[in-house]
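# Structural data only, the sequence is not supplied:
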């Protein structure tokens, strides 16, 4: 079963189970997937479905930052639940220890020793981790290592 088919099955399950919260977020995801299908003029492959899911999670995380700044606890809780539902369709993220090893070795390989060269390192590291880690976590790890906060 493809990822797209799994999402459609989960929508049916949520409908039958009268799980309005899950159904709502999955319908939004379904709409995003349909828009992407129309844009590409072809059926989506699993990698493209993953990209859409990641995009939706990123949008929710960005909104979460704004909700936190505005101290909107109701929206923070709702967004966290929605993110959790969508993350079920993403592969598990790399753990912090493994990420730190990769970042350290890449920084040494590139000869990056200054915080002003974060951009140079980001591109190379993101290519290595291939979507297994959020860019924000990579940036935090680079800055931690370069600032000597090991």
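That came in fine, so what should we check first? Computed from a predicted structure; not experimentally measured.

# Now residue 113: closest residue in space, sequence neighbours ignored.
residue 146 (7.2 Å; CB to CB, 6 or more residues apart in numbering). For the C-beta atoms, the positions are set from N, CA and C on the backbone; glycine is no exception.

# my read: the one you found touches residue 116, true?
No: under the contact definition of CB atoms under 8 Å, residue 146 does not touch residue 116, with a separation of 9.4 Å.

# Neighbour count: the two, which is higher?
More neighbours surround residue 146 than the other of residue 146 and residue 116, with 18 against 9 (other CB atoms under 10 Å).

# Next one: the more buried one, what pLDDT does it get?
If you check residue 146, the pLDDT there is 82.

# The helix or strand where residue 22 lies packs against which elements?
Here residue 22, judged by DSSP states H and E, is contained in helix 20-40. Packing contacts for helix 20-40, counted by 3 or more CB pairs under 8 Å, 6 or more residues apart in numbering; DSSP states H and E, involve helix 3-16, helix 46-69, helix 73-87.

# can you list the residues that contact that helix?
Helix 20-40 is touched from outside by 4, 7-8, 10-11, 14-15, 43-44, 48-49, 52-53, 55-56, 81-82, 85-86, with contacts defined as CB atoms under 8 Å, 6 or more residues apart in numbering.
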